[in-house]
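**Q** need a 3D model of the sequence below.
(2 chains)
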Amino acid sequence: MYGGGYIFDEPNRKQLREEQLHDDPEKLAAFEDRITKGEKIEPGDWMPAEYRRQLIRLIEQHAHSEIIGALPEGTWITRAPGFKRKLALIAKVQDEVGHGQLLYNAAETLGKTREAMINDLLSGKSKYSNVFNYPAMTWADVTVIGFLIDAAAIVNQVANSKGSYGPYCRALERICYEESFHLKQGHDALIELATGTPVQKAMLQDALNRWWQPIMHFFGPPDKASHHSEKLMQWKVKMASNDDMRNQFLDTYVPKIWELGLSLPDPLLRKNTGTGRWEYSDPDWDLFFKVINGGGPCNQERLQVRKWAETEGRWVRKALMNNTERKAMPVA
Amino acid sequence: MNQQAISDLITKMADDELVLGHRNSEWTGLGPVMEEDIAFSSMAQDQIGHALALYRIQEEHMGGPDPDAFAFLRPAAEFKCCHLVEMPIGSYDFSLMRHFLFDHAEAVRYESLLQSEFAPLQQLARKLKGELKYHTLHADAWILQLGRAGGESYERMQAALDTCFPLACGIFEPGEADQALINDNIYPGEKVLYERWLDNIYRVLVKASLNMPDPAAITPAYGGRYGQHTPHLQPLLEEMGAVLRLDPAARW
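**A** Below you'll find the model as predicted:
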């Protein structure tokens, strides 16, 4: 999936202007000129310190979201009903971990190692998409995640793939290609429940009711409350506003949910035919920030799983560094 | 040809793959490095895919049941998997050693099936040949790396080998109808496969500086082929069928 739509950039917003002052004005002008012309910035190219810092933050959070995002669905692999669903789900979750790997590699081109990024994840310094701090309680949750969360992530990732940093854009293009298959399998599994027995339909409706608010949170706070940086938009780090992405998502996917005879738990949800924009009840943004700051139902559990993997795997990584194998024989 | 004997052979092979695929999929998100997370997922997919292919042979060529119902809703006592695959994932050392021992066993088994007189098995063996090569390449590379790294890594791998070896010998538990299958050229029988397997793993273990336990001095973990299982299988099967059982009449 899973580019969380929201970049957690508040604490550093003020630094933008100050740090910019330290950049060589000529180089900065040439850099901005390249971006205006639609050129991609590559790892060896000159870039403002703030551009590098924000990109590391963005790509790193995206990578963390992929590997943490593998956990709620991953727990359902062993319970997936039947061979078809089981094989599709393992392949899908494997793709997500693979996306994590691609994205850590892309972030490493900016000068931060994978180990440093994982350490920041475990210490809580670096965040991941908030949506994964909620539990996947039934099989229907897996289909809602596979369809709607993947769909939301695609909206975000397609936007970001038009950004200015070459390695990130190329990783995203590949990721989006795989995501489009995930979306299809999620949709297929969800339709099976929506057109199934009363037990299945009830399970699916319950899952939609629980996931709707996290999905509305996915793209981040409304533009009027979000102090997004003009500079990040100009540098093509942030490619679309939170509200625009949310609107695009609602426009495509709400009709698909409604046409299956399912409801969404928001009586105000409707498209304003005059403005072309969707209207909805304001999700609980206090809850959103509470969950970001560790107060969600699964924050502790998700990080504990990652900590287990890091601690238990330490001897393996150490052994990899101590390679005494003689590579004397040619492979072919 | 003895259809029942062939069907039993297929069931034990498929059950091994299904249950080990299940176990390997439990590494999702937990691998010591991300690349190993992906590798275990990949092998789990292959193994569950092999299990499905085998159950389909029974369904399509032998009048067997629907693979989903047979695999996901059958009682534990009717499973014919060996004890090795039933064990929980434990630490990475255990899971890696199990992968090494199992995939080498699978490699010699499918290699022998290239000559099988039972055409569906022979065709499947041809189809899977390439995949299986990658499994043993992966296992060998890691066993060499971690065995030779010395220190804690070496000690863990040796301990894992000591634990896994008697369990892995249980893969080759003799079947009642082995002789009939040998006579019909379906496969060469467990004893022959066991000896080929010992040769193959020994070659890698020596290079990895690991001591293979003396096969004559251990007690192989038998019983699985006859429906006698460890206490780990029942909860695994309950988990595997949990969603299907919510509404057995439904399509999922």
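
**Q** near chain B, which residues of the stretch 101-250 of chain A?
**A** A:101, A:104, A:139, A:189, A:192-193, A:196-197, A:199-200, A:203 (Cβ under 8 Å from any Cβ of the partner chain). Where you see a C-beta, it was placed from the backbone N, CA and C, and this is true even at glycine.

**Q** ok, of the residues you listed, which one's closest to B:His50?
**A** Using Cβ to Cβ, A:Ala189 comes nearest to B:His50 of these, at 23.2 Å.

**Q** how far away is the nearest residue to the closest one once chain neighbours are set aside from A:Asp95?
**A** Nearest non-adjacent residue to A:Ala189, counting by Cβ to Cβ, 6 or more residues apart in numbering or on different chains: A:Thr143, 4.2 Å away. Distance, A:Thr143 to A:Asp95, using Cβ to Cβ, to the nearest Å: 17 Å.

**Q** those two - which one has more neighbours?
**A** Between A:Thr143 and A:Asp95, counted using other Cβ atoms under 10 Å in any protein chain shown, A:Thr143 has the larger neighbour count: 28 against 20.

**Q** for the more buried one, what are its contacts?
**A** Contacts for A:Thr143 (Cβ atoms under 8 Å, 6 or more residues apart in numbering or on different chains) come out as A:186, A:189-190, A:192-193, A:204, A:207.

**Q** pick out the most distant pair among those.
**A** A:Glu192 and A:Ala207 (13.4 Å).

**Q** the two: which is more packed in?
**A** A:Ala207 (24 against 18).

**Q** how much space between the spatially closest residue to A:Ala225 that is not a sequence neighbour and A:Gly220?
**A** Excluding the flanking residues, the one nearest A:Ala225 by Cβ to Cβ, 6+ apart is A:Trp285, at 7.2 Å. Using Cβ to Cβ, A:Trp285 is found at 10 Å from A:Gly220.

**Q** those two: which has the busier surroundings?
**A** Just comparing A:Trp285 and A:Gly220: by other Cβ under 10 Å the higher neighbour count belongs to A:Gly220, 24 against 14.

**Q** for the more buried one, give its distance to B:Ala125.
**A** For A:Gly220 relative to B:Ala125 (Cβ to Cβ), the value is 53 Å.

**Q** can you list the weak-confidence ranges in chain A?
**A** Along chain A, the model assigns pLDDT under 70 to residues A:1-21, A:226-228, A:323-332.

**Q** residues touching the residue nearest to A:Ala225, list them.
**A** A:217, A:221, A:225.

**Q** mind putting those in CSV, neighbour count, distance to B:Leu113 and secondary structure included?
**A** Putting the contacts of A:Trp285 into CSV (neighbours: other Cβ atoms under 10 Å in any protein chain shown; distance: Cβ to Cβ, whole Å; DSSP: H, G, I helix; E, B strand; the rest coil) gives the following:
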residue, neighbour count, distance to B:Leu113, secondary structure
A:His217, 25, 53, helix
A:Pro221, 18, 60, coil
A:Ala225, 10, 65, helix
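
**Q** phi first, then psi, for whatever residue of chain A ends up closest to chain B.
**A** Nearest to chain B, among the residues of chain A, is A:Gly313, at 2.6 Å (Cβ to the nearest Cβ). With angles defined as degrees, to the nearest 10, A:Gly313 sits at phi -90, psi 0.

**Q** identify the residues contacting it.
**A** B:31-33, B:92.

**Q** among the residues you listed, which two are most distant?
**A** Spanning the widest gap among the contacts of A:Gly313 are B:Val33 and B:Tyr92, at 9.7 Å by Cβ to Cβ.

**Q** the chain: helices as residue ranges?
**A** Since no chain was named, I'll use chain A. With DSSP state H as the criterion, chain A has helices at A:15-21, A:25-36, A:49-74, A:83-108, A:114-123, A:139-144, A:150-160, A:166-194, A:198-217, A:230-234, A:242-258, A:285-290, A:299-312, A:314-321.

**Q** ah, no, chain B please
**A** Taking DSSP H to define them, one finds helices in chain B at B:3-25, B:34-62, B:67-73, B:83-86, B:92-113, B:119-148, B:151-169, B:178-183, B:190-207, B:233-240, B:242-246.

**Q** name the helices or strands packed onto the fourth one?
**A** Contact here means 3 or more Cβ pairs under 8 Å, 6 or more residues apart in numbering or on different chains; DSSP states H and E; on that basis helix B:83-86 packs against helix B:3-25, helix B:92-113, helix B:151-169.

**Q** turn those into CSV, including distance to B:Val192, mean neighbour count and mean pLDDT.
**A** Compiled in CSV, the helices and strands packed on helix B:83-86 are given as follows (distance: least, Cβ to Cβ, whole Å; neighbours: other Cβ atoms under 10 Å in any protein chain shown; pLDDT from 0 to 100):
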stretch, distance to B:Val192, mean neighbour count, mean pLDDT
helix B:3-25, 14, 23, 97
helix B:92-113, 8, 23, 98
helix B:151-169, 14, 20, 97
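
**Q** which stretches of the stretch 151-252 of chain B have low pLDDT?
**A** Within the stretch 151-252 of chain B, no stretch has pLDDT under 70.

**Q** near chain A, which residues of it are found?
**A** Residues of the stretch 151-252 of chain B lying near chain A (Cβ under 8 Å from any Cβ): B:151-153, B:156, B:236, B:239-240, B:242-244, B:246-247, B:249-252.

**Q** wait, which of these is closest to A:His182?
**A** Among those, B:Trp252 lies closest to A:His182 (Cβ to Cβ), at 17.9 Å.

**Q** surely that closest one meets A:Glu192?
**A** Yes. Taking Cβ atoms under 8 Å as the definition, B:Trp252 is a contact partner of A:Glu192 at 6.2 Å.

**Q** residues shared between the contacts of the two?
**A** Shared contacts of B:Trp252 and A:Glu192, defined by Cβ under 8 Å, 6+ apart, are found at A:Gln200.

**Q** residues near the nearest residue to A:Arg174 once chain neighbours are set aside, how many?
**A** Spatial nearest neighbour of A:Arg174, chain neighbours left out: A:Leu102 (6.8 Å); criterion: Cβ to Cβ, 6+ apart. By the criterion of other Cβ under 10 Å, A:Leu102 has 21 neighbours.
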